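Trainee: I would like to see how this sequence folds:
(2 chains)
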Amino acid sequence: KNEVEQSPQNLTAQEGEFITINCSYSVGISALHWLQQHPGGGIVSLFMLSSGKKKHGRLIATINIQEKHSSLHITASHPRDSAVYICAVRPLGTGNQFYFGTGTSLTVIP
Amino acid sequence: NAGVTQTPKFRILKIGQSMTLQCTQDMNHNYMYWYRQDPGMGLKLIYYSVGAGITDKGEVPNGYNVSRSTTEDFPLRLELAAPSQTSVYFCASSYSAENTEAFFGQGTRLTVV
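Mentor: Coordinates of the predicted model:
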C-alpha cells in the first residue's frame, strides 16, 4: 500500500501546453512538498504547502487538506520543464519521515 | 551557500567491499536524512538524525550504518556491499521536522557488481 499516489505516471506534452500533475495521499499531514528531479540530477524542492495555493513563476501548487489531494500546474510548458516531479508528504506526528510518491515523468516536446 | 553536498557522485563497488558516502551541509540544519531511490519506487528512508550524536533507523536500514559527530556531516557507511544496494542515494537536511523545507544533495549513483 502506497500512502502517496501520483497521476499520471508519465506525461508527454507539446511546448506551450498547460500541464497538471495530481497527488493523493491517505494520511493526515503537516505539509506536502513538490520536488523536481532532472535526468541524472539531484532533487530540488519546488513548493512546500500546508494549505491553499502557492505560485512561483509558471508553476502553481494547490492543496485541499480535506480531500487529501494536491495538484501541480505548469503554465506555458517548455522543454526545460522536462523532469520527474515527485510529491512527498510529512505525516502528522512523525516529523522525521516523508512518504514519497513514485513520481510523474514529464516530457515537453518543442 | 553550498547547501547539501554529497560525494562521490558515482561509484562502482565489488560485492563485499565497503565504502562511505559523504554528506555535508552548511545551513546549520538539525535534521539530516539518507534516502535510496530505486527504479519505479518512491524514495525510502534509510537513516536519519535529529542532531549531532543522535541517529535512528528509517524504513530500510539493513546493511547500512551512520554517524553524526558534527551538525554538518552525516556519512553513510556500507560495510559489505551487496547487489541489492545498487541504487541512487540522496542525502537531505532540514532545520526542523515540521513545516520546513527539505534540501537535497545531488545524489550518489552506486552500482554493486
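Trainee: give me the number of residues near residue A:73?
Mentor: When neighbours are defined as other CB atoms under 10 Å in any protein chain shown, residue A:73 has 16 of them. Using the backbone N, CA and C atoms, a C-beta is placed for each residue, glycine as well.
Trainee: so which elements touch the strand or helix carrying it?
Mentor: Take DSSP states H and E as the rule and residue A:73 turns out to sit in strand A:69-74. For strand A:69-74, the elements it packs on are strand A:19-25, strand A:29-37, strand A:43-49, strand A:59-64, strand A:83-91, judged by 3 or more CB pairs under 8 Å, 6 or more residues apart in numbering or on different chains; DSSP states H and E.
Trainee: surely residue B:53 meets residue B:67?
Mentor: No: contact criterion CB atoms under 8 Å: residue B:53 and residue B:67 do not qualify, at 9.1 Å.
Trainee: these two touch, right, residue A:20 and residue A:70?
Mentor: No: Residue A:20 is beyond contact range of residue A:70, at 10.9 Å (criterion: CB under 8 Å).
Trainee: so for these two, which residue has more residues nearby?
Mentor: residue A:70 (25 against 14).
Trainee: quickly list what residue A:64 is bridged to.
Mentor: residue A:69 (DSSP bridges).
Trainee: just the pLDDT for it.
Mentor: pLDDT recorded at residue A:64 is 96.
Trainee: please report how far it lies from chain B.
Mentor: Distance of residue A:64 to chain B, computed by CB to the nearest CB, to the nearest Å: 18 Å.
Trainee: same deal with residue A:32?
Mentor: 11 Å.
Trainee: and that residue, what is it in contact with?
Mentor: Residues in contact with residue A:32 (CB atoms under 8 Å, 6 or more residues apart in numbering or on different chains) are A:23, A:25, A:48-50, A:63, A:70, A:87-90.
Trainee: also residue A:99?
Mentor: Contacts for residue A:99 (CB under 8 Å, 6+ apart) come out as A:3-4, A:25, A:27, A:88-89, A:91, B:42.
Trainee: hang on, isn't residue A:27 packed against residue A:91?
Mentor: Yes: under the criterion of CB under 8 Å, residue A:27 makes contact with residue A:91 at 4.7 Å.
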